[in-house]
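Participant: Kindly generate the corresponding structure for this input.
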Amino acid sequence: MKSMKEVMEDVVRIRYLKPGEENIQDMYRRVANAIGQTVDERTKLFEYMSQGVFLFNSPTLANAGTSSGTLSACFVLPIDDSLEGIYKTVHDMGLVHAAFGGTGFDFSRIRPAGAKISSTGGEACGPVLVAKFLDANASMVKQGGKRHGANMGILRVDHPDVVKWITAKKDESIRHFNFSVAITDEFMNDLGSKSKVWPCGKSTQEIWDLICNNAWAEGNPGLFFVDTANADHPTEWVPIAATNPCGEQPLGNYESCNLGSINLASEYLFPEGQEFQYDRFEEVIRAAVRALDHVIDLNVYPIPEIERATKMTRRIGLGVMGWADYLIKSRIDYDSNEAIDEIGKVGEFMMTVVNNESFELAEELGPYPAWQEPLPKARNATCMTIAPTGTLSKFANCSSGIEPIFGVEYDVFTEQGTYHYVHPLKNKIKAFKMEDEVAHKISISDHIRHQATWQHYVDNAVSKTINLPSQSTIEDVSSAFRSAWRCSCKGITIYRDKSKTEQVLSIPSPESIPCEFTRRPGHLYEVLSGCGKNFIWIDYTDESYTKFNDIFVISAGGCVANNETTGRILSQEMQAGISPRNITMPLHKVKCINAIKNPNSQGKSCADIIGKAIDFEVRDFLRASKVHSSIEQTCPSCGGPLTREAGCASGTCIVCGWNGCS
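Facilitator: You can find the predicted model right below:
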């Protein structure tokens with residue numbers, strides 16, 4: 001595994017630096033010189049970036065001061081329900097991705113699959129296949145030639161194909177899209193009712209259950225509360241139908257937005273042993289708002305429609321990162337009322353300063369062209385956004401966005417390699433006894449409270465992932481979704497730990513076990529079947545670990561009695577001296593329809609999973625140092641260890657039962 005420094009150096013070099021010409025400080029200087037309009041602005045921007053106080057979004061860092069030019073991160077493109085419209089969207093998406101942008105789409109205007117096409121007499125393919133078509137094209141284009149672009153696909157809950165949409169991500173070939181469902185207030189108010197039937201042919205509760213089941217299983221779809229988003233933006237004549245890939249930026253068709261984030265825990269704003277410096281905070285906010293507004297005019301836009309729409313509303317998105325670190329430095333628990341009160345102090349101050357700076361810019365340079373009375377005369381239609389800041393927070397050496405820390409230590413997977421991350425405030429976390437302030441130990445209600453409270457001060461939206469522990473239930477997911485809507489969040493994404501075979505962040509197991517199961521102390525395996533969790537305990541006759549004695553199977557769902565019976569029968573076989581291989585071979589042949597249909601099942605059936613646990617146990621413990629000293633040679637049949645305890649001079653194989661004397 002690489003070190004964090006090695007991986008981040010590769011990330012910076014591949015994604016951000018001009019080839020062969022720059023280091024990271026050179027990059028900050030290039031960006032500051034390109035965006036700052038005066039010597040003072042350029043000096044401040046360089047200092048803020050160098051110290052990890054403020055950072056622009058990735059396209060600005062990569063492209064400002066180069067020939068590429070496009071500096072915005074977030075785009076929404078329309079899709080017309082025609083062959084020409086779909087191919088135009090593919091063309092426009094390719095140009096946005098090539099310039100380092102991410103795109104969002106509302107697929108609700110696409111006719112459902114099977115609908116008749118009058119001009120050709122054929123049938124429409126439907127929004128899911130159109131999304132797959134866009135996804136395939138996205139795989140052909142890399143952002144700045146460096147990485148694939150991200151996309152958000154949204155479909156309204158009242159679209160006839162919404163059921164297909166909810167389950168579409170089970171197709172693992174769709175790799176470059178997140179999917180969300182645009183949920184209306186009408187739908188949420190009808191929850192619990194089975195009388196209303198939607199255009200897809202299912203009731204409100206049936207659709208909801210399907211959404212929650214799939215979100216629990218694989219993290220998709222998320223929810224976009226479309227009525228909430230439209231009720232809470234100033235340019236109501238520009239309908240909001242979609243967001244950027246992470247959901248923090250609702251936009252109208254062809255609009256784009258450039259973002260930047262302030263590190264609340266930086267030494268400049270929160271010096272060691274001192275209080276948070278609000279006077280410096282105001283100074284950074286004002287410089288950032290002005291710089292983000294400059295970006296709009298410096299941009300080289302991919303297509304004319306984007307330039308026109310962007311300059312009509314001049315949206316910017318200034319946000320924060322390092323919020324969890326700010327709380328740690330303040331000795332405030334993330335899951336406390338005091339933390340929510342602190343959001344009020346920081347959020348209200350920031351919102352006030354941001355708006356005042358935009359008002360002052362309007363007096364100097366004029367308001368955004370779409371401005372109408374009685375709205376306040378501002379330079380920017382919207383000003384604040386809280387982004388996830390994944391890579392940027394590593395630049396600034398702080399926690400991501402407003403998320404709780406994922407862990408005191410954890411592994412991070414990137415395209416450039418996996419590295420082990422140690423939180424920079426590890427010593428403080430331990431000294432203040434705040435080890436439990438990690439994402440998986442924060443309750444759903446506290447996750448939602450943070451997102452909803454920050455949303456009160458943010459005129460765009462808040463990117464927040466509700467990270468749930470692996471043992472969370474479908475009802476937990478439903479509760480999170482309902483709470484987010486009740487608290488006026490504009491959207492919500494949940495992710496249940498280990499619901500995907502590959503995930504960006506993961507807490508390493510205390511033991512390094514070369515198998516996909518989680519082993520507990522005492523040789524206990526925790527596994528997922530088609531119906532729920534199984535706990536498999538394997539016991540031995542003595543400390544030699546050369547002979548199994550008992551196996552116990554406890555099920556949290558599904559065939560409880562059958563699995564207990566299987567364990568009892570296997571225990572008898574083990575005690576009778578039947579070899580593990582002869583026990584597991586027939587188990588692996590058993591298939592269960594529930595397990596086959598469930599993508600999270602770790603085997604073809606409960607029997608297959610029990611067999612796998614035995615296989616892993618044999619493999620691992622026969623390699624361990626506690627294997628009996630009489631094991632000297634390997635089996636000519638399977639390669640397993642041989643023992644002479646049975647009295648045969650040629651040896652008996654512990655794994656497959658081969659005996660040299662038979």
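Participant: mind giving me the domain ranges of the chain?
Facilitator: Recorded structural domains for the chain (assignment: automatic domain parsing) are 74-222, 253-506, 518-627, 631-662.
Participant: closest one to residue 37 among those domains?
Facilitator: domain 253-506 (6.1 Å; CB to CB). The way it works is simple: take the backbone N, C-alpha and C, and place the C-beta from them, glycine included.
Participant: now that closest one: how far from the chain's centre is it?
Facilitator: Distance of domain 253-506 from the chain centroid (CA atoms, centre = their mean, to the nearest Å) equals 14 Å.
Participant: what does stretch 582-601 give?
Facilitator: Computed by CA atoms, centre = their mean, the chain-centroid distance of stretch 582-601 equals 30 Å.
Participant: pull the CA atoms of that stretch into CSV?
Facilitator: Extracted as CSV, the C-alpha positions of stretch 582-601 are listed here (Å, rounded to 0.1, in the frame of the first residue of the first chain):
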residue,chain,number,x,y,z
ASN,A,582,-15.7,-33.9,2.0
ILE,A,583,-17.9,-31.8,4.1
THR,A,584,-17.8,-28.6,2.1
MET,A,585,-17.9,-30.1,-1.5
PRO,A,586,-21.7,-30.9,-1.3
LEU,A,587,-22.4,-27.7,0.5
HIS,A,588,-21.1,-25.6,-2.4
LYS,A,589,-23.5,-27.3,-4.8
VAL,A,590,-26.6,-26.0,-3.0
LYS,A,591,-28.4,-23.1,-4.6
CYS,A,592,-31.1,-20.8,-3.1
ILE,A,593,-33.1,-18.4,-5.3
ASN,A,594,-33.1,-15.7,-2.6
ALA,A,595,-29.3,-15.7,-2.5
ILE,A,596,-28.9,-15.8,-6.2
LYS,A,597,-31.2,-12.8,-6.6
ASN,A,598,-29.6,-10.8,-3.8
PRO,A,599,-26.4,-9.1,-5.0
ASN,A,600,-25.1,-8.7,-1.4
SER,A,601,-25.3,-12.5,-0.7
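Participant: neighbouring contacts of it?
Facilitator: 170, 217-218, 499, 528-531, 558, 570, 573-574, 603-612, 614-615, 656-657 (CB atoms under 8 Å, 6 or more residues apart in numbering).
Participant: Can I have the buried ones of these as a PyMOL selection?
Facilitator: Buried subset of the contacts of stretch 582-601, written as a PyMOL selection, criterion 16 or more other CB atoms under 10 Å:
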select buried, resi 217+218+499+528+529+530+531+558+570+574+603+604+605+606+607+608+609+610+611+612+614+615+656+657
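Participant: Among the contacts of stretch 582-601, name the ones in helices.
Facilitator: 217-218, 570, 573-574, 606-612, 614-615 (DSSP state H).
Participant: Which of those sits closest to residue 253?
Facilitator: Out of the ones in helices among the contacts of stretch 582-601, the member with the shortest distance to residue 253 (by CB to CB) is residue 218, at 29.1 Å.
Participant: List the contacts of the closest residue to residue 400 other than its chain neighbours.
Facilitator: Excluding its sequence neighbours, the residue lying closest to residue 400 (CB to CB, 6 or more residues apart in numbering) is residue 393, at 4.5 Å. By CB under 8 Å, 6+ apart, the contact set of residue 393 is 261, 263, 321-322, 399-401.
Participant: switch to 10 Å and redo it
Facilitator: 52, 55, 261, 263, 265, 321-322, 325, 387, 399-401, 403 (CB atoms under 10 Å, 6 or more residues apart in numbering).
Participant: now do residue 505
Facilitator: Going by CB under 10 Å, 6+ apart, residue 505 touches 390, 400, 406-407, 410-413, 421, 439, 465, 467, 495, 497.
Participant: Specify the beta-bridge partners of it.
Facilitator: Residues in a beta bridge with residue 505, per DSSP bridges, are residue 412.
Participant: which helices and strands sit right next to the helix or strand hosting residue 494?
Facilitator: Assigned by DSSP states H and E, residue 494 falls within strand 491-496. Applying 3 or more CB pairs under 10 Å, 6 or more residues apart in numbering; DSSP states H and E, we find strand 491-496 packed against strand 177-183, helix 204-218, strand 222-225, helix 226-231, helix 444-455, strand 465-468, helix 474-486.
Participant: what helices or strands is the fifth one leaning on?
Facilitator: Okay, so that is helix 444-455. Other helices and strands packing on helix 444-455, by 3+ CB pairs under 10 Å, 6+ apart, are helix 323-330, helix 337-365, strand 465-468, helix 474-486, strand 491-496.
Participant: looking at those, which is closest to residue 127?
Facilitator: Closest approach to residue 127 among these (CB to CB): strand 491-496, 18.8 Å.
Participant: buried sites along stretch 492-511?
Facilitator: Those would be 492-500, 505-507, for stretch 492-511 by 16+ other CB under 10 Å.
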